[in-house]
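[1] Below are the sequence and a predicted model; questions follow.
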Amino acid sequence: EAGVAQSPRYKIIEKRQSVAFWCNPISGHATLYWYQQILGQGPKLLIQFQNNGVVDDSQLPKDRFSAERLKGVDSTLKIQPAKLEDSAVYLCASSVQETQYFGPGTRLLVL
Amino acid sequence: SQKIEQNSEALNIQEGKTATLTCNYTNYSPAYLQWYRQDPGRGPVFLLLIRENEKEKRKERLKVTFDTTLKQSLFHITASQPADSATYLCALGDGGATNKLIFGTGTLLAVQP
């Protein structure tokens, strides 16, 4: 069974630029999550989708972050404009029940 | 607000010994607790889940305990090996329809040969 796929793996941008991350969850997983993991910290939930609907985006900085999950499968997370403090690893996960399966993450560096 | 605390300092142990990691939480009543392993440059990998009505769970060399009175979980790795070296994250689940998880900061375990 293929795992959660994410791309790109690394991205370096300058502040105020925009960036987008892509996630392909495990086939059949209805729930998809985006997390932000700052160095030395645990993952922090940004947004959670159930199929193509948002069920929790309470910690998403909506003035600069947006996410969508078209057709209830792939998802894209966008940051526009980026700030220095957005430097982190962005993890995508999917689940069937309580167990979450994570992708390798996208490491973002904002200069 | 909800708070999850894990050993902030790295845990160094000798190969063959038992590693014990701690997860304490406040202002929260989780329906279950999970432990994940994270290697450098990779996403977390699920290890074990223990529910609020369970005291202990085992899987091969891993053992988890869950004390809802103390608001604490202990994670044990017996007969530790250098390959067990990684960061271990505990995560609390609310058990609601969203199965939302709140993660701790993780503990870095280093097993010396």
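    That came through fine. This structure is a prediction, so every number in the text was calculated from the model and none was measured. Residues are numbered from 1 along each chain as shown, chains lettered A, B, ... in the order given.

[2] In contact with residue 26, which residues?
    I'll assume chain A. Residue A:26 sits next to A:1, A:2, A:3, A:4, A:94, A:101 when contact means C-beta atoms under 8 Å, 6 or more residues apart in numbering or on different chains. For every residue, glycine as well, the C-beta is placed using N, CA and C.

[3] Please refer instead to chain B.
    B:2, B:3, B:71.

[4] so the last one sits right up against residue B:24, yeah?
    Right, residue B:71. Yes. Counting by C-beta atoms under 8 Å, residue B:24 is a contact partner of residue B:71 at 6.3 Å.

[5] was I right about residue A:51 contacting residue A:30?
    Yes. If you go by C-beta under 8 Å, residue A:51 and residue A:30 touch, sitting 5.3 Å apart.

[6] if I look at these two, which residues touch both of them?
    residue A:72.

[7] Sort out for me which of the contacts of residue B:26 are in strands.
    Counting by DSSP state E, the contacts of residue B:26 place residue B:3 in strands.

[8] Show me the beta-bridge partners of the closest residue in space to residue B:59 that isn't next to it in sequence.
    Of all residues beyond its chain neighbours, the one nearest residue B:59 is residue B:48 (5.6 Å), with distances taken as C-beta to C-beta, 6 or more residues apart in numbering or on different chains. On the basis of DSSP bridges, residue B:48 is bridged to residue B:35.

[9] list the buried ones in stretch B:1-18?
    Using 16 or more other C-beta atoms under 10 Å in any protein chain shown as the test for burial, stretch B:1-18 gives B:4, B:6, B:7, B:11, B:13.

[10] The second one against residue B:104, yeah?
    Yes. Applying C-beta under 8 Å, one finds residue B:6 in contact with residue B:104, separated by 4.2 Å.

[11] Give me the helices and strands touching the helix or strand bottoming out on mean pLDDT in chain B, please.
    When each helix and strand of chain B is scored by mean pLDDT, DSSP states H and E, strand B:3-6 comes last, with a mean of 92. Under the contact definition 3 or more C-beta pairs under 8 Å, 6 or more residues apart in numbering or on different chains; DSSP states H and E, strand B:3-6 sits against strand B:19-26, strand B:86-93.

[12] Now do the end-to-end distance for stretch A:93-111.
    Using C-alpha to C-alpha, to the nearest Å, one end of stretch A:93-111 lies 27 Å from the other.

[13] should've said stretch B:84-100
    So stretch B:84-100: terminal residues 27 Å apart, C-alpha to C-alpha.

[14] Likewise for stretch B:20-31?
    Chord length of stretch B:20-31, first to last residue, is 23 Å (C-alpha to C-alpha).

[15] excluding its backbone neighbours, what's nearest residue 11?
    I'll assume chain A. Setting aside the residues directly before and after it, residue A:11 is nearest to residue A:108 in space (C-beta to C-beta, 6+ apart), at 5.1 Å.

[16] My question was about chain B, not that one.
    Residue B:11 sits nearest to residue B:109 (C-beta to C-beta, 6+ apart), 5.0 Å away.

[17] what does residue A:65 give?
    According to C-beta to C-beta, 6+ apart, the nearest residue to residue A:65 is residue A:79 (5.6 Å).

[18] circling back: tell me how far the host helix or strand of the residue nearest to residue B:11 lies from the chain's centre.
    Per DSSP states H and E: residue B:109 is located in strand B:107-112. Centre-to-centre, strand B:107-112 and its host chain are 13 Å apart (C-alpha atoms, centre = their mean, to the nearest Å).
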